[in-house]
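Undergrad: Compute the structure for the input listed below.
(one chain, ligands or ions: 2)
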Amino acid sequence: MSLRISDVRVVVTCPGRNYVFVKIVTTEPGLYGVGDATLNGRELAVATALEEHVKPLLIGKDPDRIEDIWQETFRGTYWRGGPVLMTALAGVDMALWDIKGKRAGMPLYSLLGGRTRQSALAYTHVGGTDPEQVEDHVREAMGKGFRVVRAQVAVPGATGTYGVGGRSEAASARWESPDGGAMPLVEGNWEPDAYLRVVPRLFEHLRTSLGDEIALLHDVHERLNPIQAARLAKELEPFHLMFLEDPLRPEHKESFRVVRRASTTPLAMGELFHSKYECLPLITEQLIDYIRCDVAHIGGITEARKIAALAEPFQVLTAWHGPGDVGPPTHAANVHLDCAIPNFGVQEMVFFPEAVPEVCPGAPEYRDGYLWPSEKPGLGVDLDEEAAAKYPYRRGYLPVVRRADGSVHDW
Ligand code: KDG
Ligand code: MG
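TA: Ligands and ions are numbered 1, 2, ... in the order given. Predicted coordinates for the structure are as follows:
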């Protein structure tokens, strides 16, 4: 009998952070694929979608037919899109590419057309309470070999908001308190005026103290309106950012025209998009310079390579989202794509919590500012289910930002 999918195992684990892994097992003894379906703060919604709705449709299917399985899971089930379903689909898609690579005896980058570069230029995150502290942290990152650094600074009045307060990555979900309730979220208030004053000062300080060689990025995290974002992009122009990330909310694609007209600061967008359709207007109107979707939230490698191909003739480069809240299979998929596509720009990366390699070994290797893909067949990432069981899921919450008047603001 020809090869079939015999089981789909959904593994939820917390070796320092919550992850949802997908293991697709086949009828060939020992042949399986590993994917990542982690959605920060909504892990159990994805795990349930996989267990209850996706898995029953996959059993008995031919794992070789990745595109067909993708189309059936996306369109064939009528209800399509959104972060939960597209993350579930991404986990399946990555595991199927992993199986295909193992069968071919080729690393994923080879299946995707072969190497266009040896390794992927990587960037790390730093933050700080003031520009001087951010500078110290950029210097530390440069000491580790990074040539590209994303810099965030505390916004007066809003301690604990994303990207501020030392180097702690506040993007991590906050754990449930011991009595079961949600932990207090962001302390203080986030105000656009304070933010718009402090960020240009940060980059003026960094350029003056560090010179022009280090490439710098900044993540707005969708918190500005069009005219505010235009002002920020214009005021940052003298400091030559590699890009200004996610200046506007994902719903307002046409508003990118306002920002674009105002400045030559390169723009990046995409971690909150869930399909190529959402990327299209920004790409075809050349309103951005970097598309930075999350491979784990857009349906996986199958959709990511299409987005990269759509972006290429418009001279838009990729900068796939690579935060700590997606697992090693996504980071591996990012770097395989980076090393195969022609229009790669830069790769966001993290150093995983200590226990992660025990559960999910094989993340891309970092060396002197670059990430290297695995040479093993497939993604090169494995999953130890026994080790995963030692680290049970912990409910977590993402921060919520409020303005001084008490109203909710984009985080
Ligand atoms: O879960 C949210 C994080 O993925 C996000 O806050 C990280 O913006 C982010 C980035 O650029 O890494
Ligand atoms: Mg971001």
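
Undergrad: Next, count neighbours for residue 8.
TA: When neighbours are defined as other Cβ atoms under 10 Å, residue 8 has 22 of them. Glycine gets a C-beta too; all of them are placed from N, C-alpha and C.

Undergrad: wait, residue 188
TA: For residue 188, using other Cβ under 10 Å, the count is 16.

Undergrad: Could you say which helix or strand holds it?
TA: Using DSSP states H and E, residue 188 sits in no helix or strand.

Undergrad: My guess is it contacts residue 399. True?
TA: No: assessed by Cβ atoms under 8 Å, residue 188 is found out of contact with residue 399, at 11.4 Å.

Undergrad: Kindly provide the distance from the residue positioned nearest the centre of the chain to ligand 1.
TA: Most central in the chain under Cα atoms, centre = their mean is residue 321, positioned 2.7 Å from the mean C-alpha point. Distance from residue 321 to ligand 1, counting by Cβ to the nearest ligand atom, to the nearest Å: 6 Å.

Undergrad: Just the pLDDT at that residue, thanks.
TA: Per-residue pLDDT puts residue 321 at 98.

Undergrad: Next, it: secondary structure please.
TA: At residue 321 the chain is in coil, as set by DSSP: H, G, I helix; E, B strand; the rest coil.

Undergrad: So it sits against residue 298, correct?
TA: No: if you go by Cβ under 8 Å, residue 321 and residue 298 don't touch, sitting 9.4 Å apart.

Undergrad: Specify the local secondary structure of residue 140.
TA: Residue 140 ends up helix, using three-state DSSP.

Undergrad: Count the residues that sit near the nearest residue to it once chain neighbours are set aside.
TA: The shortest distance from residue 140 to any non-neighbouring residue, by Cβ to Cβ, 6 or more residues apart in numbering, is to residue 126 (7.6 Å). Other residues within reach of residue 126, judged by other Cβ under 10 Å, total 24.

Undergrad: I figured residue 126 hits residue 149, correct?
TA: Yes: here residue 126 reaches residue 149: they are 5.8 Å apart, a contact under Cβ under 8 Å.

Undergrad: Tell me the residues that contact both of those two, please.
TA: Common neighbours of residue 126 and residue 149, using Cβ atoms under 8 Å, 6 or more residues apart in numbering, are 138, 141.

Undergrad: Now residue 101: closest residue in space that isn't a chain neighbour?
TA: Excluding the flanking residues, the one nearest residue 101 by Cβ to Cβ, 6+ apart is residue 378, at 3.3 Å.

Undergrad: what's near enough to touch the one you found?
TA: 33, 97, 98, 99, 100, 101, 102, 107, 108.

Undergrad: hmm, 6 Å instead?
TA: 98, 101, 102 (Cβ atoms under 6 Å, 6 or more residues apart in numbering).

Undergrad: got CSV for those residues, with neighbour count and distance to residue 360 too?
TA: Converted to CSV, the contacts of residue 378 look like this (neighbours: other Cβ atoms under 10 Å; distance: Cβ to Cβ, whole Å):
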residue, neighbour count, distance to residue 360
98, 31, 12
101, 24, 17
102, 20, 16
